[in-house]
Every structure is written in structure tokens, then in C-alpha cells.
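Engineer: From the sequence below, what's the structure:
(one chain, ligands or ions: 2)
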Amino acid sequence: MPRNRQDAGAASEWRREAARAGEWREERGAADGAQTRVTVAPGTFYVETFGCQMNVHDSEKVAGVLLGRGYQQVERPETARLVFYNTCSIREKAAQKVFSRLGGHREALNSGQIIGVLGCVAQQEGEEIFERAPWVSLVCGSASYRKLPELLAELERGGRRVTGLDTDTDETFETEMTRRDNPFRAYLTIIEGCDKACAYCVVPFTRGPERSRTSASILEEVRRLADAGYTEVQLLGQTVNSYRDPSSRRMSFAELLVAVSEVRGIRRVRFTTSHPRDFGRDIVEAIEAVPALCEHVHLPVQSGSTRVLRAMQRTYTREEYLEKIAMLRGARRAISVTSDVIVGFPGETEAEFEETLSLLDEAQYDGMFSFTYSPRPNTPALSMGDQIPEAEKGRRLAVLMEKQRGIQTARNERLVGKTLEVLVDGASRRKGQWAGRTSGNRVVNFTSERERLLGEYMQVRITRGGPNSLVGELVS
Ligand code: 5AD
Ligand code: SF4
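Structural biologist: Ligands and ions are numbered 1, 2, ... in the order given. Here you go, the predicted model:
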């Protein structure tokens, strides 16, 4: 067994050679038991996505590039010619998942399958991936997707290993064709990368610096989406509200929101994720003025303690953050506010954790994603002293979630009796069960004997509020 990286490298070199010569199967067969040969279907691809909406949308773009080259998408990896994993490295568990997936493809070199690793793990681990999984042929980070067609062409010409790992590009990844998976909501990247450098976060390393698309190119894509029948679009960016129009039009983010809402056929516009530092009154005023702008803002706080926020390099204090919340709560529309919170950041004391709990009382979030701090490579927080034990992080997370559950239930119960418009985007197997989303991004379940409601906007009277969703009935 190889014991160190050098040995592993030598062994994998041998395996590669052996595989090329068609010998590896026999070797492995003798040691591991007979392998069954996979017959790949030529011209097919499979892509599996981990992580955030940006990744989901990147996969849609990758699928678009492949479809444009004549490939067909398949639902299972076993017989696909190209198998791509679009990976996430925001937390350690997410990053580990990809290696367990790759473990299932040891036979790729024999069967003629091409295995590709895309996304944040690809960017972070780079060519190390070839060491850990020598049967991988393509490693392409999220900042280099514009190179993907080139890399594919190289593979098609018989290239064995291709990589796209630059992060110094100032271009964004735009494709002629994007194959969208969600038939009701079209995702649209308006800004890539991140310049914020939060002390715990790998994104600035994996996605590179901030690059905004021109407002003209965004509006053109929205018009095409509307023509294709989409009524809801969601503008994406790690820090979406840090958008800066690089063209001479110099549209502000708030102006862009309004312009997108004015595209004929568009009924709902969402955007995520907003950074508190760049969140100004003009965005709230745009939401107040334009009904098509959804009444929902995702504004991650991360911690309720100014000391911890400073250590995290979040660039705002608890008080400054709460002023933004007050601005949102004071708006003429009932804007839902959701957040992300990290517990157990290095050095977080019990009292500082309690400040996060008390911030929940004040902010009254309509939804929240919460995480235990996960040490990530290259980040400043990795080498900070006073790392919190996993068990303690887990305890804090449970306490936090329990508190938020109570807040959410109470907020949802307050909606009982109100009539809300939902875009129907789900049907349960049990006939007559439907689900939709409100402008505030709440899930509403309702029953109706009517048919073909998917994609329709319906008025629903709320009859019950639970911690995570609402129940209602159609207003005829
Ligand atoms: N550990 C835990 N959570 C993290 N997030 C980002 N980096 C980390 C990390 N190292 C969370 C933040 C961010 C969300 C997308 O993921 O809350 O807003
Ligand atoms: Fe990561 Fe902070 Fe950038 Fe968000 S703003 S992607 S948490 S560095």
C-alpha cells in the first residue's frame, strides 16, 4: 500500500500506464475480484451538483455547453460517456462527498468513461485530484468555466488530463445556451466571485474576484427567458448587491432590479445573496415601488456579536446590521427577511453565542440557514486559536435552531386568514395536493381538484402556519 503522497503518485502513474495498456483490469481483477465491464453510451453526459444555487446554475450552463456540442443528458452516471461532478467546498462535509462519488468510478479508464470534477473542490484541490483519483480526466474550477468548451475539445481529441484552474480571469461564464432544470424559476448570474474575504470562507479562493456582467447582457438574457415562457427570474451572486455595471450605463443594482422587473412577461424577480455592507435604502425603495420585485431579502448576519463579526471580517457591527433590519421591517411592503448563521467560530464564547440568540429575537427572521463553523483550507480562521469542540458547536446549533423554529412558527401563524398569491411549482403524488411559493418565498401547500395548476399564479387563503410552511385553500 502506498504510504505517502510520493508513493501514491508513483503507484497512480503505474496504474495509469497499466490502464492504458489494458492491464490494470486484470491486476485489479486478481486482487479485488472480477470487475464487470461498463458499456458506455457514446455522446451522453451526466452531471450531479452539490452546493448552492450558483452551482446549480453553473451546472445548467455546463449542460447547455454540452448539449450545444451534440451530447445528450442522461439521468444516471453508470453508462454516461462524460460524468461530471460539480462540487462544493464551503464546508468540509460537502467537500468530502465528491471523493466518495469518485470512488465509484475506478473503472473509468477501462470503460472509456470520462470523469470530470468541476466547481469549488476542483478549484481548491487542483491537480491533487488526479493523485487521489487517477481515473479523473478533467478538473475545472468555477472561475475557469469559460474554458470548458476548449477543455472538452481537448478531451474529444484524445487528451488524457485537462485542467482549468485560473482565477485571474475578469470574464464571466456566459454561454450561448443554458439548459435550465427548473421550469418555473430561471436562475441568472449577474456577478461572479467575491471580494469580501470573510475569515472563514473559501469562496474568494474558489470563485476568484468579483466580476459583474453588463446590464445590457443581463437584460438581454431576461428578455430571452421571458420569450421562452419564464415569469420568474432569480438574479444570483455571492454578493449580488455588490453588483457594478461595467458598461458606460453604470446601472446601480437597485436600477437593475427595476429594469429586470419591467421586462414584459416577467412577474417575479428575486435576488440572492445580499451582503449587509452594500445593502442600501435604494433596494428597499425599489421593492416598495415595484410589485414584481419579490418581498424577500436574504441578508446573512453570521453572528450577533460585534466582536465575533470583527474576527470574521464581516465589515459591520451588530448595531449596523440591526439598522438594516429596521429599514426592511419599516418598509411599506411586508418583506420577508432570511439569514445565515455560523455557530462555534474560533473563540466564540457562550456570552457571544447568546448575543446571536438575542439577535434572533430582534431580527425575527422568516427563515434561517444555520451551520457549525467548519475549518477550511487557506482561510485566516483556520489558524485562529481557541477552536470550539465539535460537540459544543453541535449543542449551540441545536439551541439556535430550536429558537428559530419557535420564531418561524409564530411568524407563519400570523399569516392565517391572509390571502397570498403563489406560483404553483409542485404537485404531490397524492392527487390534488399542490405546493407553491409566495412572493416572500414561503412554501404554501393546498388541495385542489383542478388540473394543470403547475406554473400558474393562484390566490390562496392561509388556514394554518407550521414552522417551515403554510397550509391554505384556493380562493376561487
Ligand atoms: N463554516 C461554516 N459555515 C460556512 N459558511 C461559509 N463558510 C463556512 C464555514 N467555513 C456559511 C455562511 C454562508 C453560507 C453560504 O455558508 O453562513 O453565508
Ligand atoms: Fe464568503 Fe463572505 Fe464572500 Fe459570502 S461575502 S462568499 S461569506 S467571503
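Engineer: switch to C-alpha atoms for all contacts and neighbour counts from now on
Structural biologist: Will do.
Engineer: Quick check: end-to-end length of stretch 100-114?
Structural biologist: Stretch 100-114 stretches 17 Å from its first residue to its last (CA to CA, to the nearest Å).
Engineer: That stretch - what's its average pLDDT?
Structural biologist: For stretch 100-114, mean pLDDT is 91.
Engineer: For it, buried residues please.
Structural biologist: Of the residues in stretch 100-114, those buried under the neighbour-count criterion (16 or more other CA atoms under 10 Å) are 102, 105, 107, 108, 109, 110, 111, 112, 113, 114.
Engineer: Turn those into a markdown table, columns for distance to ligand 1 and secondary structure.
Structural biologist: Listed next are these as a markdown table, based on distance: CA to the nearest ligand atom, whole Å; DSSP: H, G, I helix; E, B strand; the rest coil:
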| residue | distance to ligand 1 | secondary structure |
| --- | --- | --- |
| 102 | 23 | helix |
| 105 | 29 | coil |
| 107 | 33 | coil |
| 108 | 32 | helix |
| 109 | 34 | helix |
| 110 | 37 | helix |
| 111 | 37 | helix |
| 112 | 36 | coil |
| 113 | 33 | coil |
| 114 | 30 | strand |
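Engineer: With distance to ligand 2 as added columns, please give those residues in TSV.
Structural biologist: Written out in TSV, the entries for these read as follows (distance: CA to the nearest ligand atom, whole Å):
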residue	distance to ligand 2
102	26
105	31
107	36
108	34
109	36
110	39
111	38
112	37
113	34
114	31
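Engineer: Pick out the residue closest to the middle of this protein.
Structural biologist: Using CA atoms, centre = their mean, the residue of the chain that lies closest to the mean C-alpha position is residue 52, 1.2 Å off.
Engineer: Contact residues of the stretch 151-300 of the chain facing ligand 1?
Structural biologist: 200, 201, 300 (CA under 6 Å from any ligand atom).
Engineer: ok so, going back, not counting its neighbours along the chain, what's nearest the residue nearest to the centre of the chain?
Structural biologist: Distances taken as CA to CA, 6 or more residues apart in numbering put residue 88 closest to residue 52, at 7.7 Å, once the chain neighbours are dropped.
Engineer: and that neighbour, how many neighbours does it have?
Structural biologist: Other residues within reach of residue 88, judged by other CA atoms under 10 Å, total 28.
Engineer: In this structure residue 292 contacts residue 268, no?
Structural biologist: Yes: the pair residue 292 / residue 268 is scored as a contact, 4.7 Å apart, by CA atoms under 8 Å.
Engineer: what do the two both touch?
Structural biologist: Common contacts of residue 292 and residue 268 (CA atoms under 8 Å, 6 or more residues apart in numbering): residue 261.
Engineer: okay, the buried residues of stretch 100-114 in TSV with distance to residue 142 next?
Structural biologist: Listed next are the buried residues of stretch 100-114 as TSV, based on distance: CA to CA, whole Å:
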residue	distance to residue 142
102	18
105	22
107	26
108	23
109	25
110	28
111	27
112	25
113	22
114	19
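Engineer: and the residue nearest to residue 212 when sequence neighbours are not counted, backbone torsions?
Structural biologist: For residue 212, ignoring the flanking residues on the chain, the nearest one in space by CA to CA, 6+ apart is residue 191 at 4.2 Å. Listed backbone geometry of residue 191 is phi -150, psi 130, with angles given as degrees, to the nearest 10.
Engineer: give me every residue that touches residue 191.
Structural biologist: 172, 210, 211, 212, 213, 236, 237, 238, 239, 240, 243.
Engineer: Go through the residues you listed and flag which are in strands.
Structural biologist: For the contacts of residue 191, the ones inside strands are 211, 212, 236, with DSSP state E as the criterion.
Engineer: Tell me what the first one is bridged to.
Structural biologist: With DSSP bridges applied, the residues forming beta bridges to residue 211 are residue 192.
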